[in-house]
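Undergrad: Fold the following, please.
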Amino acid sequence: MDIGTSGIYVCLFLAVYFEVFLLISFLEKRPSKKTKALPTRYPSVAILVPCWNKGDTLAPTIDSLLEMEYPKDKLSIVIIDDGSTDNTFEAAQKFAHNPQVKIFQKKNEGSKYSALNFGLEHSDSELVGCLDADSFVEKDALIEMVKAFNDDPLIMAAAPAMKVHRPRNILELMQSVEYTFGIFYKKMFDNINAISVLPGPFSIYRRTLFSIVGPFRKAHHTEDMEMAFRIHVNGLKLVNVHTAFVHTNVPKTVGALIRQRTRWSRGFLENSRDYSYVYFNKKYGNFGMLALPLGLAGFIAGLYTAGYAAWSLSSYFISKTYSLWQTHVPISLSLPTQPPQWLYVIDTSMLTFLIVFTLGMMFTAIFIGQRISGTKLTLVSFVSYFLLYGFVAPFWLARAGWDTVLSKERGWLT
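TA: Numbers count the residues shown, from 1 in each chain. The predicted model follows:
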């Protein structure tokens, strides 16, 4: 067995280990079901809505916040127009006469964190949340989040469960499966206190947190990820509330998806470098011993697998083309009817077992994610996920790695 093939086995082993680990975590502590119990108290909450050129989606975002089942006198909404060049500010003015809503304009500083900090300065509530201006909350989402804070005074931040808002095209359907899987694995990482991101759509914080760890930072345009890192480093607690649902618009084109995921992936790499001392450090528990190492291993494994597959297939076609040219046989444009030769040097029985087992575990995790979230996935969603994701993901992984090495600067909106 050559080195390249050995690497494939290592990648598959990591995938199996990760999925088995998540399932064991699920079996040890199954997520509780949503109840109709109301909070024991209703703390004041301010939801910050930073927006840049979101004129088309801002109004329904604010409407969803105003329709939440929460005392009106305890809920305020702070809209921060971050230097938009479209009709965002005009869309915000629709709510100017609502006493729950405050509207501000500021100069764009190239990253979302400055808008969030601006909102922090212009609010004084006990809890502070954030919501991207293209996302929409369910009516009981805030109540579910508040119950988590009431149940445990040590909790400093909470993340919701995210769903794709009305997926239509193939790319959106693919992401709906990914987000459903994400609902499962984020809750499993919550079970072991190893959450690595507090997403922009509707994460909630205690205001006292910012007096302890400081305000949001630029953090390579992933301020939500860096804040989660900082909370762990300071020995504080954050949770995932799997019963609080928020729906978000996702990229509709391949280019937009690659740009978004490049920012996310690079943010992970850059923040991992900034917090490199956390890796394999028992002081930071499962976050340092498991979550970060597994995340980095997954990034490397994804790049390696894609690169090895591309190299193997190109080698096969080049060798076939050269062989046909040498024998003066006309070149056929049809695809080969037999597997490439490199497959025959692998123990195919073991390889097949690992692949089938990995896929089976993924299906199980997605099924559990469906049960937790109530999401209904179609056959087209599954087919698009398992056929397309592996082809598209290597592009943003490679781009993120390349940008990190070259220290190439990109805006948070690219």
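Undergrad: Ile77 and Ser381, how far apart?
TA: 33 Å (C-beta to C-beta, to the nearest Å). From N, CA and C alone the C-beta is placed, and that goes for glycine too.
Undergrad: now for the longest strand along the chain, which elements pack on it?
TA: Longest strand in the chain by number of residues (criterion: DSSP state E): strand 237-248. The elements that strand 237-248 packs onto, with contact taken as 3 or more C-beta pairs under 8 Å, 6 or more residues apart in numbering; DSSP states H and E, are strand 135-137, helix 141-151, strand 155-164, helix 170-191, helix 223-233, helix 348-373.
Undergrad: Which neighbours in the sheet does that strand have, and how are they oriented?
TA: Note on strand 237-248: by DSSP bridges, its sheet partners are strand 135-137 (antiparallel), strand 155-164 (parallel).
Undergrad: could you dump the last one to CSV, C-alpha only?
TA: As requested, the backbone C-alpha atoms of strand 155-164 are provided in CSV (Å, rounded to 0.1, in the frame of the first residue of the first chain):
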residue,chain,number,x,y,z
ILE,A,155,-24.4,30.4,31.0
MET,A,156,-22.9,33.5,29.3
ALA,A,157,-23.9,32.8,25.7
ALA,A,158,-26.3,30.6,23.8
ALA,A,159,-26.6,29.6,20.1
PRO,A,160,-29.8,28.6,18.3
ALA,A,161,-30.6,25.8,15.9
MET,A,162,-30.4,27.1,12.3
LYS,A,163,-32.5,26.0,9.3
VAL,A,164,-32.4,27.0,5.7
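Undergrad: average pLDDT across that strand?
TA: Strand 155-164 shows a mean pLDDT of 97.
Undergrad: angle of it against helix 348-373?
TA: 110 degrees (axes from the mean of the first three to the mean of the last three C-alpha atoms, to 10 degrees).
Undergrad: so how far is strand 155-164 off the chain centroid?
TA: For strand 155-164, the separation from the chain centroid amounts to 11 Å (computed by C-alpha atoms, centre = their mean, to the nearest Å).
Undergrad: ok, and the closest non-adjacent residue to Lys163?
TA: Excluding the flanking residues, the one nearest Lys163 by C-beta to C-beta, 6 or more residues apart in numbering is His247, at 5.0 Å.
Undergrad: what's the answer for Ser265, then?
TA: Closest to Ser265 by C-beta to C-beta, 6+ apart is Ala400, at 3.6 Å.
Undergrad: Then Phe299?
TA: Phe299's closest residue in space is Leu397 (C-beta to C-beta, 6+ apart), at 6.3 Å.
Undergrad: need the contact list for Phe18.
TA: Listed by C-beta atoms under 8 Å, 6 or more residues apart in numbering, the contact partners of Phe18 are Leu294, Gly298.
Undergrad: Any buried residues in the helix or strand where it lies, and which?
TA: Using DSSP states H and E, Phe18 falls within helix 3-28. Residues 5, 7-8, 11-12, 14-16, 18-19, 21-23, 25-26 are the ones in helix 3-28 that count as buried (16 or more other C-beta atoms under 10 Å).
Undergrad: Flag whichever of the residues you listed scores worst on pLDDT.
TA: Lowest pLDDT within the buried residues of helix 3-28 is found at Thr5 (72).
Undergrad: Give the phi and psi angles for the closest residue to Lys94 other than its chain neighbours, as a check.
TA: Nearest residue to Lys94, sequence neighbours excluded (C-beta to C-beta, 6+ apart): Ala59, at 6.0 Å. Dihedral pair for Ala59: phi -60, psi -50, per degrees, to the nearest 10.
Undergrad: isn't Ala59 right next to Glu90, touching?
TA: No - the pair Ala59 / Glu90 is not scored as a contact, 10.2 Å apart, by C-beta atoms under 8 Å.
Undergrad: more crowded one of those two?
TA: It is Ala59, of Ala59 and Glu90, that has more neighbours when counted by other C-beta atoms under 10 Å, with 15 against 12.
Undergrad: Compute the inter-axis angle for the helix or strand containing the residue nearest to Phe299 and strand 155-164.
TA: Mapping Leu397 onto the secondary structure by DSSP H and E places it in helix 379-406. When the same axes, to 10 degrees is applied, the directions of helix 379-406 and strand 155-164 differ by 120 degrees.
Undergrad: Show me how far the helix holding Phe18 is from its chain's centre.
TA: Chain-centre distance of helix 3-28: 20 Å, with C-alpha atoms, centre = their mean.
Undergrad: need the next SSE after it, C-terminal direction.
TA: Counting by DSSP H and E, the next helix or strand C-terminal to helix 3-28 is strand 45-51.
Undergrad: That next one pairs with which strands, parallel or anti?
TA: strand 75-82 (parallel), strand 127-130 (parallel).
Undergrad: for the stretch 301-414 of the chain, what are the low-confidence residue spans?
TA: 322, 324-349, 410-414 (pLDDT under 70).
Undergrad: okay, the angle between the top helix by length along the chain and helix 170-191?
TA: The residue-count maximum for a helix in the chain (DSSP state H) belongs to helix 292-326. Between helix 292-326 and helix 170-191, the angle comes out at 140 degrees (the same axes, to 10 degrees).
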